[in-house]
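[1] What shape does this take:
(chains A, B and C)
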Amino acid sequence: MNRIASVIVDVPTAQTDRSFDYLIPDELKDNLEVGMRVIVPFGNRQVQGFVIAFKETSTVSGLKEIIEPMDIEPVLNQELLQLGEFLANETLCLKISAYQVMLPPALKAKYDKYITLAKDREIGELPKELEPLFLKQKKVNWKDAEKLVPSSYLYRQARAGLFDVSYEIKNKGNKKKNIYYVPFSDQAQFLNKLNQLNLTGKKQLQVVNIYLQDFAPHTVKQIETKVPNARSSLNQLVSKGLLKKEEYEEYRDPYQNKKFQETKALPLTDEQELVIKPILDSIEHSTHEVFLLHGVTGSGKTEVYLQSIEKVMKNGKEAIVLVPEISLTPQMVERFKGRFGNKVAVLHSGLSLGEKYDEWRKIQRKEVQVVVGARSAIFAPFENIGIIIIDEEHETSYKQEDNPRYHARDVAIERGKNHHCPVVLGSATPSLESFARAQKGVYHLLTMQKRMNNSQLPVVEIVDMREELRTGNRSMFSTALLEKMRLRLERSEQIVLMLNRRGYSSFVMCRNCGYVLKCPNCDISLTYHKVTDQVKCHYCGFEMRTPKQCPECSSNHIRFFGTGTQKVEEELGRILPEARVIRMDVDTTTRKGSHEKLLTAFQEKKADILLGTQMIAKGLDFPNITLVGVLSADSSLHIPDFRSSERTFQLLTQVSGRAGRHELPGEVIIQTYTPEHYSINFAKEHDYLTFYQYEMMIRKRGQYPPFYYLALINVSHENLQYTYTVIEKITSFVRGQLADGKGETLILGPAVSPILKIKNRYRYQCLIKYKNEPNLISTLKQVLEHFQEDQVKRGLHISIDLNPYSMM
DNA sequence: AGCACGCCGACT
DNA sequence: GTCGGCGTGCTC
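    Okay, here's the model as predicted:
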């Protein structure tokens, strides 16, 4: 019984996207579980795989045996295995990719290829170049050998029998282990043994004294702080049987050096009471329900989350909290750690591979009950989830932009169903999709309209920059904004300035011939970065020295147009020299922890102005901010994407919410060249509902979500002609399979992607709009299958995104 | 993905 | 005739 295991192998292709059966060797029978990773023979090599099921018979004869398990306990539980199937179906990804995405990256298999000299062959038979390598070690990394001789030679000689080739799976995420010296047995026996031994060594006695005091495990390092060079004495005590050596797994705790202020549950406002009641009911009765918590900025959503989680923990269950890119909001971590202490694991992209692995292990070992994290934390391997919370549910970072292209919200709801628990989506500006569902009664809508501390929403003023230009103000600051900034500086209150464009200028043009510097790899103009005197491409990372002469006409009238954060910083230094400015954008926050450092500095009032891109719009809660300035609301408005109005509204509302959250009242200035735009005007009024209704009307007219579902097929290749041929074939195939025009399905394309070329690849797309299309998934799978070969051999990329969030 | 098998052209 | 090019198909 159970002699056979079904395994999904780590070979990411469509042809191998199914299970393969393997015999379980007798010695593994009791130690192998579903959900473990194993190493299996596949073809003539070894690969990693996931055991997804056991069975007694197989339709395949001549099964091979599993070589060995990689885990002591399963890394995926039953629910996650099933969730993988769900992901593969819903996002058209390979099963193996679905499973990989659920694990911390440290557990992803990496293979190394090695060659060894075959038996009865001599080193002398090797070419001279390889000799030193083989003299040093028996097993030589293929990549190292490849650097010295052509790989064709290696292949030929391997076939001819000079080398044996082997594969080794290297496990990146090594557990951080420490060796501890532990007193042998219990205290009585320890003393007993000590008396028998009659120790003479001075150092040994010193060491024993330490153990007599605390009777606890110590590392060599710890002992050596009291007894220098104690290593050999410790080892002697081990050989005498008084101590024993043990390896303990040690966690790298990224927050270990930080003190968290302990907090208690705060009394809830009437609104909060009203809102939390149905959530607590759902927790109590273990019913799955999706709540949309719509609360204005500063209305105290977090306290509702915290107290819901408290209830869940009291019931002995676990909680998952998703926060958009958490490193952005250390304040959030603080609140959770402060309330729940070491019961919280934190997972986000700012951690190292090892740190992520350690946090994940705490979850796996049930040492924590709460996980706070970015998107992928939705796969936390809990087994008894009592609530899932997604804060800032409208954030686009919850959608993963490469395979598997999943949305954390969908996964959360699926897991909520599995665990019969509530899912809470919170936002001041819910996505249209979610709010529409709440309106239809699919989600349970909960509303909070008042700010805590009785503070008022800030007064928002729109400044027409065309008017400014007419009155002769050519600076990037309107008179109104500048005046209000001066006032804040006088009163030593703080200012937040947002400009959604990094770098110095947005494009570089020759005034003589009109030539604009473009990226050689992408269809995008280059951005000037003054600090390094370089021009950079923000899509592929291309950078070069700024040319002194125009590459087209050789004139030296090269000028910089448009405004980025760097230029604003420079300008601020000129017009408000007394102001201390912190600039925060991708360029100043790449280093680990730099983000937090900048924010802390601002919090400690070491600066008057925080200037940044949209990354400063979220989550900041500093009482001293009384002015928010949006330098140009237009940059996010004119992106060719049907969601650009929604994003602009969300961004403006979020950033406005940074002002006047506490005692001091806040003010917001929005500068724009299109002051009549509805996104800007409804944001000014803090009127989500009217914005929602207006935008819904536009979506209905444009046949966009939430009225239609979308599927986007994107094709890219180095050759323009070939790319077009492929997308044309795909589009006409899809037209034939789906009810184009007949039912409520519309197929648009082929069309050029909004950015024709990125990283030297031309891009075309086809957009499918549908309401109910039972053939969709199978049709798209056929597309992928049909072009599978071209993808491998000709370097064609086809991506299919169901419910895309970026049309680029 | 990685590898064997197998069918065609250019050489000892 | 044979070596080696890379198109095709398979991996429990």
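[2] use CA for all of it now, contacts and neighbours both
    Will do.
[3] wait, residue A:616 sits on residue A:498?
    Yes - using CA atoms under 8 Å, residue A:616 makes contact with residue A:498 at a distance of 7.4 Å.
[4] can you list residues touching both of the two?
    Both residue A:616 and residue A:498 are contacted by residue A:655, under the criterion CA atoms under 8 Å, 6 or more residues apart in numbering.
[5] List the buried residues of stretch A:603-619.
    Of the residues in stretch A:603-619, A:603, A:605, A:607-619 count as buried by neighbour count, 16 or more other CA atoms under 10 Å.
[6] Quick check: closest non-adjacent residue to residue A:453.
    Once flanking residues are discounted, residue A:453 sits nearest to residue A:662: 6.5 Å by CA to CA, 6 or more residues apart in numbering.
[7] right, I mislabeled it, should have said residue A:771
    The shortest distance from residue A:771 to any non-neighbouring residue, by CA to CA, 6+ apart, is to residue A:708 (5.3 Å).
[8] among the buried residues of stretch A:603-619, which two are most distant?
    Pairwise distances across the buried residues of stretch A:603-619 (CA to CA) peak at 21.0 Å, for the pair A:605 and A:614.
[9] Would you map the helices across the stretch 1-150 of chain A?
    Ranges of helices within the stretch 1-150 of chain A are A:78-91, A:95-102, A:131-136, A:142-148, based on DSSP state H, counting those that start in this stretch.
[10] Check which helices and strands the first one sits against.
    Under the contact criterion of 3 or more CA pairs under 8 Å, 6 or more residues apart in numbering; DSSP states H and E, the helices and strands touching helix A:78-91 comprise helix A:95-102, helix A:408-419, strand A:797-802.
[11] Next one: the closest residue to DNA strand C within the stretch 301-450 of chain A from DNA strand B, what distance?
    Closest approach between the stretch 301-450 of chain A and DNA strand C, counting by CA to the nearest atom of the strand: residue A:403, at 20.1 Å. Between residue A:403 and DNA strand B the computed distance is 14 Å (CA to the nearest atom of the strand, to the nearest Å).
[12] Excluding chain neighbours, what is closest to that residue?
    Spatial nearest neighbour of residue A:403, excluding adjacent residues (CA to CA, 6+ apart): residue A:93 at 6.5 Å.
[13] what about that neighbour, how many residues close to it?
    Residue neighbour count, defined by other CA atoms under 10 Å, stands at 23 for residue A:93.
[14] With residue A:738 instead?
    Burial of residue A:738 is recorded as 20 neighbouring residues (other CA under 10 Å).
[15] For it, what are phi and psi?
    For residue A:738, the backbone dihedrals (degrees, to the nearest 10) come out as phi -100, psi 160.
[16] Let me see the contact set for it.
    Going by CA under 8 Å, 6+ apart, residue A:738 touches A:745, A:773, A:775-776.
[17] before we move on, the earlier item: now, of the helices of the stretch 1-150 of chain A, which is deepest in the fold?
    helix A:95-102 (a mean of 22; mean count of other CA atoms under 10 Å).
[18] Using the three-state scheme, assign residue A:629.
    When classified by DSSP: H, G, I helix; E, B strand; the rest coil, residue A:629 comes out as strand.
[19] neighbours of it, just the number please.
    Using other CA under 10 Å, residue A:629 has 28 other residues around it.
[20] give me the beta-bridge partners of it?
    Applying DSSP bridges to residue A:629 gives these bridge partners: residue A:497, residue A:669.
[21] List the contacts of it.
    Contacts here follow CA under 8 Å, 6+ apart; on that basis residue A:629 touches A:481, A:495-498, A:668-671.
[22] what's the closest of those to DNA strand C?
    DNA strand C has its nearest neighbour among the contacts of residue A:629 in residue A:498, at 51.3 Å by CA to the nearest atom of the strand.
[23] Check whether the closest one really touches residue A:609, as I assumed.
    No - using CA under 8 Å as the test, residue A:498 is too far from residue A:609 to be in contact (10.4 Å).
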